[in-house]
Every structure is written in structure tokens, then in C-alpha cells.
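1. after the sequence you'll find the predicted model.
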Amino acid sequence: MSLHSAQHHAVPVDTERVCRAAFPKGTLCIRIRDALGTVFDDAQFSALFSRRGRPALSPGRLTLVSVLQFAEGLSDRQAADAVRGRIDWKYALGLELSDAGFDFSVLSEFRARLADGHGDLVLDVLLRRLNDAGLVKAGGRQRTDSTHVLAAIRTVNQLEMVGETVRAALSALAAAVPDWLSTILEPGWLNRYGHRVEEYQLPKDDAKRLAYAQLVGADGARLLAHVDADGSPDWLAQVPAVATLRRIWSQQYTADDHGALAWRATSDLPASADRQASPYDDDARYAVKRGSGWVGYKAHLSETCEPGSPNLITDVTTTAGQVADNDMTSAIHAALHKRDLLPVTHLIDSGYTGGELLVASRAEYGVDLLGPARQDSSWQAKAGQGFDITGFGIDWQNHQVTCPQGKTSIHWSPWRTAADEEAIHVEFSKRDCTPCPARPHCTRAKREPRQLTLHRREVHDALHQARKIQETEQWKRQYALRSGIEATISQAVRGFGLRRSRYLGLAKTHLQHVLTAAAINLARVDAWLCGIPLALTRSHRAARLHAAAA
């Protein structure tokens, strides 16, 4: 398809007249159009289309339809019907009253274009429009938190998954090359994979389950051998379901020198970050947080929190479920920097902080992280007795450390931690440590002297300063503002269905989150225009009664 239109879609006179008469108090669509004008212009989406081919429908209008669809929780059919039949939607889109709209399938095709490397474009364009309207700007304070997202798949165990993987591959090949598949199809395959693999249908005895796993493994291996055999079409190996079968077999089975497959024990499986959790979604991963496990993704939401302006989402980042929050701090700052919406102060929880991040965020982006600094994990610090790192004097210039008993270190060497961060290894002398009367308060090692691991100086100073400041009442009052992001996550989950992915794959799930964030922003701008205040924090009836009586 090609893009030729770059118009601003002015509202037709008849559409405006009828809309004003039908909705004298206005609706979200009407107020957004009046306040922001044409939110999405065609020219902003030119990268999605070529210069040759059949003319495409207006991408600016399709984008606004997609955002309104998420704002009202509509299906594709319902959204297409709203374009045809709702006057306020025609007003927002700048359509004639007689416009017949488009087929609902256009929306899924348009989302596929956006998901192909342009997932953030919708939010980028909307934020620029909100910036022009003075509703969002760089500087000030922003806050971030994450929540888990369930993939649009069925959670299965290890045995169910290998059976479903073979079933998915056979189904894909039956659609792609039915004649070829009929020549290699074995009779037992239809009995085993002709229906969905369910746990209640599988053997209960451990020995029989192992035998079934071996049987499925052999079936999958034979199917792959047929795909790779001479005379088979070369492109069969590129069929996604076949590639998934090959990948999952390498994770679930081992092969000896003779090619015989062996079922992996649970302890021998790859890490969850490297192991596919479903044959139908290559990107979903199993993750655990605070004792709760899920298969899917994680969404990171960032929003403004300045008084006198609406709280608007400035970034949404989607990752696989097992990715740690602190791995995303720099990525979020990079995205905000690209949009020219970096805050001065970024309120985050302990999952996004770290000594290296405190220094890097300030140096690279000029952002101060305001969140609980990670505490010293040594037993001395946890017990509140003994000599933790704060009891040692550090001479950075002479590369020497002095212990609380006045003894100096004999070894200072740079090294890298397991997280690939710069650190310094310090060691004291056995001659000083062994006879020391304070040794029980210093180390639990029976024969080794006291050893320390130091961050590099900039990180060490930033971390200790942050730990000291966060004990003050002023810091606690400032940090209390971060809790408001929990309300945003609640709104996204309860009002916009963020918790469950509608689509398969990371790219499409991220696009869902981007459209959700854009829909929330429009809803919040509308509430701001109507003067609707933020809801108060919910509390127990007894607590409200006590507060009223006080």
C-alpha cells in the first residue's frame, strides 16, 4: 500500500452541527478533538507505507480509531461499527455523516504494520501533541513501576508442551504442504496429536510418563528428519512451527553420539530466561516475583506527577517476564531522552535502583533517582552488630583501607562482579586478623582474614549518601509521591485490561501496551478538561470513621 494523503481532516460542517445538537455537554471524543485538534496526522505515519501501490486508508484516522477502541474496550468489529454509526466518533475523525467507514479487518492489518518496528510511534506522536498543548513537558518529577502481564496462551507443564509442539508443527505443515505431509504421516500421529494435549489424558505413573515423553521425542525427531531429508522443499525448515519444534527439542531433550534422545530431568532444563514456555508464543517466559509465578511479560509504566497538570504516561516498556527491573532503568531513560521528556527527579522503588545506576543516570541523563538504595547485604549490617563496611576508613588515593582496630589492608585489586560491575577487592593480613580480639565481630571465617568488596569511588560515595539521606523525614515525604504509580497500574489493569495480553509475541503485546497508555492519556486529559479531581486513596470504613471523629 502507498500513502498519498497528508491532510488534517477538518470536521465537516454538517457533522459538527449534528454532533453539537446531539451532545450539548460533549463526550470524550468531542472534547479531545476540540482541545487537541487532529491528534494524529497522516504524514507522521509515512514510514509505514511505500510510495507505490494501492492507496491506503488514512493512518492518522486508523490510529485514533485504535486508541479510542482501547479507551472504550471495543473489539475490532465494534470499533468499525462505531466509526460507521457514532456521531461523536465521526466528529473526532473528521468524517462526513454519510461516511460508510471500513471493514473491521483493516484494524488488525494496521496493527501488524505498527508492530513491525513502529510500536512506539503512537505514543511518540501523542506526547508531541500533548507537549504542544502544554500538558506534558520535560523536567519536574516522574515515577515508574512495573506489573506482570499474562501471555495469551494456556499454561502447560513440560509433558503437555512437547506434545502440543508436535501438534502445532503438524497443523502448520498440513496447511502449508498437505500433499507432502500425507506421504510421511504415520498412523499413530493422528491418535496422539489429532486433539489438544491435556494433562488429564496423560499417564499418571512416572514410568509411563517417561515412556510417553520418549515416544513424543521420537515422533518430533522423525518429523524433523523428514523436513531435512533430500527431496523435501528447502523452505520447510523456515516454517515458524517447525523452527519452534527444533528449538524446543534442543531444550527438552538431549541426544547421545548415536542420535538417541533422552528426556531431560527438570533440574537439567535450561534457565527459564532461555527456555520457551509455549509452542504458540516464542517470547513468553516463566517468571517469579515475590513468590508469585506467571508465564508472559512485564510492563513498565512511567508517568508525570507534577502539581497543576494531569498525570500522563510518558513511556511504556514491555519485556519478557524474567527481566529484572533494574535492567530497564537506563532503557527507560533512553526512551524519555529520545522524546525530550526526561525528568529531573525519577521516583522509583528499590527494584530500579543500584549504586551504578545512581551514578550513570545522573552522568548520562542528568536524572536524580529517588528511591530506596539497596542495603548492605553483609551479615554484620543485617545483624546490626559487628563491623560492616561503614566502620572502615578508605584511603582512595593510596589504595588502602583501615579497620576499626587500626590495622591497614595489604591487598587492593580491581575486579568485576558477577553482574559485570567494576569493583575493588580488599584483603587484610592474617598476621593482624588471626590474633585480633575483635575478630568475632568482624568475620566468621575460621582461618581467612577479613576481606571487603568495594564499589568504585563514585558509586561507593553515591550509595552511602543515598542510604544516609533516605533516613530523613524530608526524603520520606518526597518519596511518598511514588505510591501514586500504583493507582495508574490499577487503572491500566482494571479499566483497560493491561494484565492480559490480547496477542501473541512481544512486539504485538508491546503495541497493546502502547495503545493502552495512549488511551489512558486521552481519558486523563478528558478528566482534566472536565475538572474531575483525582480519586482519594481507598481506606477502611473504620479508619475513615476514626479520622472523622478525630
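-> Happy to help now that I have it. Residues are numbered from 1 along each chain as shown.

2. let me see the mean pLDDT of the strand ranked longest in the chain.
-> Assignment by DSSP state E gives strand 292-304 as the longest strand of the chain. The average pLDDT within strand 292-304 is 94.

3. what about the helices in the stretch 401-550 of the chain?
-> Under the criterion DSSP state H, counting those that start in this stretch, the stretch 401-550 of the chain carries helices at the ranges 430-433, 439-442, 457-469, 473-479, 484-496, 506-529, 541-549.

4. so what's the spatially closest residue to V125 that is not a sequence neighbour up against?
-> Nearest non-adjacent residue to V125, counting by Cβ to Cβ, 6 or more residues apart in numbering: Q44, 5.0 Å away. Glycine gets a C-beta too; all of them are placed from N, C-alpha and C. Taking Cβ atoms under 8 Å, 6 or more residues apart in numbering, we find Q44 in contact with 60, 121, 125.

5. that older thread, show me what the longest strand of the chain is packed up against.
-> Judged by 3 or more Cβ pairs under 8 Å, 6 or more residues apart in numbering; DSSP states H and E, the packing partners of strand 292-304 are strand 141-150, strand 285-289, strand 313-320, helix 329-338, helix 484-496, helix 506-529.

6. the second one pairs with which strands, and in what direction?
-> Which is strand 285-289. strand 292-304 (antiparallel) (DSSP bridges).

7. wait, doesn't V39 sit right on R129?
-> Yes: assessed by Cβ atoms under 8 Å, V39 is found in contact with R129 at 5.4 Å.

8. and the residue nearest the centre of the chain, what are its bridge partners?
-> Nearest to the geometric centre of the chain sits T318, at 2.4 Å (Cα atoms, centre = their mean). Here T318 sits in beta bridges with A299, going by DSSP bridges.

9. give me the contact list for stretch 435-444.
-> 379-380, 385-387, 403-405, 407, 433, 449-451.

10. and the residue nearest to V125, backbone torsions?
-> phi -70, psi -10 (degrees, to the nearest 10).

11. contact partners of the helix or strand of the chain with the lowest mean pLDDT?
-> Counting by mean pLDDT, DSSP states H and E, the chain has its least confident helix or strand at helix 541-549, which shows a mean of 78. Residues from elsewhere that reach helix 541-549, judged by Cβ under 8 Å, 6+ apart: S539.

12. roughly how far out does that helix sit from the chain middle?
-> 39 Å (Cα atoms, centre = their mean, to the nearest Å).

13. coming back round to it: report the distance from the longest strand of the chain to the chain centre.
-> The answer for strand 292-304 is 5 Å, by Cα atoms, centre = their mean.

14. low-confidence ranges, the protein, go.
-> Within the chain, the stretches with pLDDT under 70 are 1-8, 50-54, 550.

15. which residue packs closest to I153, ignoring adjacent ones?
-> Leaving aside its chain neighbours, I153 sits nearest to S278 (4.4 Å; criterion: Cβ to Cβ, 6+ apart).

16. I'd assumed A284 was in contact with the one you found.
-> Yes: between S278 and A284 there is a contact under Cβ under 8 Å: 5.8 Å.

17. quick check: phi and psi at T353.
-> Torsion angles, degrees, to the nearest 10, at T353: phi -100, psi 170.

18. can you get me a residue count around it?
-> Look at T353: counted by other Cβ atoms under 10 Å, it has 23 neighbours.

19. can I assume it is in contact with L369?
-> Yes: contact criterion Cβ under 8 Å: T353 and L369 qualify, at 5.9 Å.

20. contact partners for A176?
-> Per Cβ under 8 Å, 6+ apart, neighbours of A176: 236, 239.

21. roughly how far does it sit from K508?
-> 22 Å (Cβ to Cβ, to the nearest Å).

22. which element, helix or strand, includes L170?
-> Element membership for L170 (DSSP states H and E) is helix 158-176.

23. buried residues, that helix. List them.
-> 158-170, 172-173 (16 or more other Cβ atoms under 10 Å).

24. before we move on, what about stretch 118-134?
-> Neighbour-count burial for stretch 118-134 [16+ other Cβ under 10 Å]: 118-123, 125-131.

25. quick check: the residue of the chain most remote from its centre vs S429, distance?
-> In terms of distance from the mean C-alpha position of the chain, P435 ranks first, at 53.3 Å (Cα atoms, centre = their mean). P435 sits 11 Å away from S429, going by Cβ to Cβ.

26. ditto for G73
-> 69 Å.

27. more neighbours, the two?
-> Per other Cβ under 10 Å, whichever of G73 and S429 has more neighbours is S429, with 14 against 11.

28. so what's the nearest residue to the more buried one once chain neighbours are set aside up against?
-> Nearest residue to S429 in three dimensions, chain neighbours excluded: I410, at 4.7 Å (Cβ to Cβ, 6+ apart). Counting by Cβ under 8 Å, 6+ apart, I410 touches 427-429.

29. which SSE is immediately downstream of the helix holding L170?
-> Counting by DSSP H and E, what follows helix 158-176 is helix 178-184.

30. can you give me how far that next one is from the chain middle?
-> 41 Å.

31. ok, and for that helix, which residues are buried?
-> 180-181.

32. list of residues touching that helix?
-> 170, 173-174, 223, 226, 232-233, 236.

33. L269: which of these is nearest?
-> Comparing the contacts of helix 178-184 against L269 with Cβ to Cβ places L223 closest, at 21.9 Å.

34. quick check: the closest one vs P178, distance?
-> 15 Å.

35. and the strands in the stretch 301-450 of the chain, which stretches?
-> 313-320, 345-347, 368-370, 393-395, 400-402, 411-416, 422-427 (DSSP state E, counting those that start in this stretch).

36. check contacts around the nearest residue to P240 once chain neighbours are set aside.
-> Excluding the flanking residues, the one nearest P240 by Cβ to Cβ, 6+ apart is A172, at 7.2 Å. Each residue near A172 by Cβ under 8 Å, 6+ apart is listed here: 239-242.

37. need the contacts of Q44 in JSON lines with distance to R499, can you?
-> Converted to JSON lines, those look like this (distance: Cβ to Cβ, whole Å):
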{"residue": "G60", "distance to R499": "30"}
{"residue": "L121", "distance to R499": "24"}
{"residue": "V125", "distance to R499": "26"}
